[in-house]
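# here you go, sequence then predicted model.
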2 protein chains.
Amino acid sequence: MSPAAVEGDGADGLALIKPAVRAQAAYTLRAVPARRKLNQNESPYDFPVELKRAILERVALVPWHRYPDFAPPELLARLADRYGWTPEGVLVGNGSNELIQATLSVALGPGDVVVAPSPTFSLYRLLTGVLGGRYVPVPLGTDFSYDVERLIAIARRERAKIIVVNSPNNPTGSALPADGVERILQATDALVLCDEAYQDFGGPSALGLLGRYSRLVVLRTFSKALGMAGLRFGLGLAHPVVAREIAKAKLPYNVNLVTLIAADLALQHAPLLAARCREVTETRDRFVARLSACVGLTVFPTAANFVLIRCEAIAAAELFRRLYDEHGILVRDVSNGGELRECLRISIGTPEDMYAVLQALAAILPTMPLARKA
Amino acid sequence: MSPAAVEGDGADGLALIKPAVRAQAAYTLRAVPARRKLNQNESPYDFPVELKRAILERVALVPWHRYPDFAPPELLARLADRYGWTPEGVLVGNGSNELIQATLSVALGPGDVVVAPSPTFSLYRLLTGVLGGRYVPVPLGTDFSYDVERLIAIARRERAKIIVVNSPNNPTGSALPADGVERILQATDALVLCDEAYQDFGGPSALGLLGRYSRLVVLRTFSKALGMAGLRFGLGLAHPVVAREIAKAKLPYNVNLVTLIAADLALQHAPLLAARCREVTETRDRFVARLSACVGLTVFPTAANFVLIRCEAIAAAELFRRLYDEHGILVRDVSNGGELRECLRISIGTPEDMYAVLQALAAILPTMPLARKA
């Protein structure tokens, strides 16, 4: 087809976009090649090759020209079994991001308030803005630990419609205290969206509260601990009547046939994938212990598969650049002028990756004790 | 994990869902096995086996534990080339449904009006409701043909923010006249969302207008003519500055790695897939000619890969049931008390499928002339 040339500056079309959307920055991340990619909290282990093969053999045999099931009953049953909940209360998504969006969409009217910790995953603010809600960030406490009573006080003052908690929290790694979600549910009448994308790596889970609180929605993902970031699979768990409402904002056939088959196989091989997750948490614990011995860096406590550091002996931007340029290590520069000033987030990779990070830090920071094999 | 029992009726949680959402019926479709599945406007031909193999070989070699690209530049370039537009104005989606949702999300504020033909694809109304907009359906004319001037008059009267046109329209098959979209753009100042999910099968396209109108968004899908319903891939085309805004409501990493690879390969084998599309339109034309000779049915004109009929000699519900029970043919019962009273929608399958439909109709309807091989 011969291309139509773009004419004009698009002002006509732009004028029809909501001001709240135009004011938002887009969620972007430039793909940068790196020898050691520690910037997206991915699993450092590719999906097991024998599982890949089993999945692709099944995929080759099913028709591709037919729509997938909305949610195959066997998969819902397996998920219910895995997470200790009822199949009628399980929602599957094209990544858990889709379920964040669906949950906010069905509950958030114009001007309604979303309370969330700060700093946290940026998508909550972005989606609240698109939906015309008001986003009220509540700063985390010292060491970025959760201050549940402060969160409750502000949620009550602002009459929050929705409270979002990410536990462990991205990018800080902080987990809620064991009774945190129940305290929030008891002390407010908000919908509590508990994003447990990283809970496989540590911290308490709110899953056990689902039976008693229909205002609770818990999200999980297969993208992190289960090593399926490339395939996109997440799930939401809620009281069946609430799940039914959230499903209305979910698009039909949202999860494709490959991902449905892969999720099913992953659940059938849960012990294999759990062992890989344990490797990551063990690597994390050893890495954090070494890192904490380093003068010139603050290391924040983490229950996730990443660790947040604050640079003191060097500017974060410089450390970020030198890790990449001199050592091929890509971490995430989350530093801003505010609460995350001079902060970098480092995903936990293989033991070799983390040893390389320690060696690189020792080379860059004169105050860093020489790395021993992590 | 030991399951938590569901307690209570969920009233607490339900009370936090927006009334407009609670009032919506969910989009559901029960999966029913059938020998001849003519109910979802899918391609009757599975994706070519040699292409499947090539895709799965590539999929086996890429890492699954890494997030996919937001939108791989080579794929955007290929799509731009195929649809005659600029890569900066191309959005990829997990099916085109996701791009309907994103477009409505960024433009529709509470109370804003969406004008759309009636009957049409039900998702437009559902999403407008979830977003708090007001949905104004404009009845199609005689034979369900588009009445562009009436659509314009009502859009102007209601000060429509968005006009959605589905051309060819589901479930009627009606295409807009050749100058329809441009007339609408000239006579209103609304955002015009032109859903061309079925345009590969017939009717004019609005793609050529993209260069001149930044208020135009055109959607296409690989689910129908290209036989990729199971993999979910759609795209949106708009002025780059508008595309950038719509992208803000699209979730990051929304299209998984398998689908990105499959879409790329499909574009590289476009002639093969176009030949299959032509087979479907030829089968449709022969089928419609035979069907139109049948006394007791009204057959509406169609430019799509399905045909809408109105039953006169028999109740639609009875014909639907007997086609399935006695002949293993599953069509879509779209009949309602209103404009679609006594209507069924029949997707175009293989020549054998359509011959079987004609034979079944001859057996069920005494007024049907005996089917000859379609």
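Received, thanks. Residues are numbered from 1 along each chain as shown, chains lettered A, B, ... in the order given.
# any regions of chain A where pLDDT drops low?
Segments of chain A classed as low confidence (criterion: pLDDT under 70) are A:1-3, A:28-29, A:367-374.
# can you give the domain ranges for it?
A:16-46+A:272-364, A:62-268 (automatic domain parsing).
# is any part of the shortest one close to chain B?
Yes. Shown here: domain A:16-46+A:272-364 in contact with chain B (Cβ under 8 Å from any Cβ of the partner chain) through A:16-18, A:21-22, A:24, A:26-29, A:31, A:37, A:40, A:42-46. (Glycine included, C-beta is placed from N, CA and C.)
# surely residue A:54 is in contact with residue A:264?
No. With contact defined as Cβ atoms under 8 Å, residue A:54 does not reach residue A:264; the gap is 10.4 Å.
# wait, doesn't residue A:103 sit right on residue A:246?
Yes. At 5.4 Å, residue A:103 counts as touching residue A:246 under the criterion of Cβ under 8 Å.
# mind listing the shared neighbours of these two?
Residues touching both residue A:103 and residue A:246 (Cβ atoms under 8 Å, 6 or more residues apart in numbering or on different chains) are A:217, A:236.
# neighbour count for these two, which is higher?
Ranked by neighbour count (other Cβ atoms under 10 Å in any protein chain shown), residue A:103 and residue A:246 place residue A:103 first, with 28 against 23.
# show me how far whatever helix or strand that one lives in is from its chain's centre.
Residue A:103 is part of helix A:96-107 when elements are defined by DSSP states H and E. Averaging C-alpha positions (Cα atoms, centre = their mean, to the nearest Å) puts helix A:96-107 14 Å from its chain's average.
# how about the helices in chain A?
Taking DSSP state H as the criterion, chain A carries its helices at A:11-14, A:19-22, A:49-61, A:73-83, A:96-107, A:123-130, A:148-157, A:180-187, A:240-247, A:257-268, A:270-292, A:316-327, A:351-364.
# what's in contact with the third one?
For helix A:49-61, the external contacting residues (Cβ under 8 Å, 6+ apart) are A:257-258, A:261-262, A:265-266, A:269, A:272, B:52-53, B:56, B:59-60, B:64, B:258.
# how about the second one?
Contacts made with helix A:19-22 from outside it, assessed by Cβ under 8 Å, 6+ apart, are listed as A:14, A:129, A:130, A:132, B:105, B:106, B:245, B:248, B:249.
# next one: residue A:281 from chain B, what distance?
To chain B, residue A:281 is 16 Å away according to Cβ to the nearest Cβ, to the nearest Å.
# can you give me the neighbour number for that residue?
17.
# is it true that it touches residue A:199?
No. Residue A:281 is beyond contact range of residue A:199, at 11.7 Å (criterion: Cβ under 8 Å).
# so which of the residues of domain A:16-46+A:272-364 next to chain B are in strands?
With DSSP state E as the criterion, strands contain residue A:37 from among those.
# residue A:232 is in contact with residue A:262, correct?
No. The criterion here is Cβ under 8 Å, and residue A:262 misses it with residue A:232 at 9.7 Å.
# ok, those two, which is more surrounded?
Between residue A:262 and residue A:232, residue A:232 has the larger neighbour count (other Cβ under 10 Å), namely 33 against 30.
# contacts only, for the more buried one.
Counting by Cβ under 8 Å, 6+ apart, residue A:232 touches A:94, A:95, A:223, A:255, A:259, B:68, B:94, B:253, B:254, B:256.
# residue A:161 now?
Residue A:161 is in contact with A:107, A:108, A:109, A:112, A:113, A:114, A:133, A:190, A:191, B:16, counting by Cβ under 8 Å, 6+ apart.
# can you do 7 Å?
When contacts are counted by Cβ atoms under 7 Å, 6 or more residues apart in numbering or on different chains, residue A:161 touches A:107, A:108, A:112, A:113, A:190, A:191, B:16.
# please apply the same query to residue A:332.
A:39, A:344, A:345.
# what do you get for residue A:251?
Residues in contact with residue A:251 (Cβ under 7 Å, 6+ apart) are B:95, B:97, B:98, B:101.
# do residue A:160 as well
Counted by Cβ under 7 Å, 6+ apart, residue A:160 has contacts A:113, A:114, A:115, A:188, A:190.
# now, which of these sits nearest residue B:122?
Distance from residue B:122 was checked for each of these by Cβ to Cβ. The minimum falls on residue A:114, at 29.0 Å.
# next one: the closest one from residue A:154, what distance?
The spacing between residue A:114 and residue A:154, counted by Cβ to Cβ, to the nearest Å, is 12 Å.
# more neighbours: those two, which one.
Neighbour count, other Cβ under 10 Å: between residue A:114 and residue A:154, residue A:114 has more, with 28 against 18.
# residue A:243 against residue A:91, yeah?
Yes. Counting by Cβ atoms under 7 Å, residue A:243 sits close enough to residue A:91 to count as a contact (5.5 Å).
# who does the closest residue to residue A:39 other than its chain neighbours bridge with?
In space, residue A:39 comes closest to residue A:332 once its chain neighbours are excluded; the distance is 4.4 Å by Cβ to Cβ, 6 or more residues apart in numbering or on different chains. Residue A:332 has these beta-bridge partners by DSSP bridges: residue A:345.
# what distance separates the opening and closing residues of stretch A:192-199?
16 Å (Cα to Cα, to the nearest Å).
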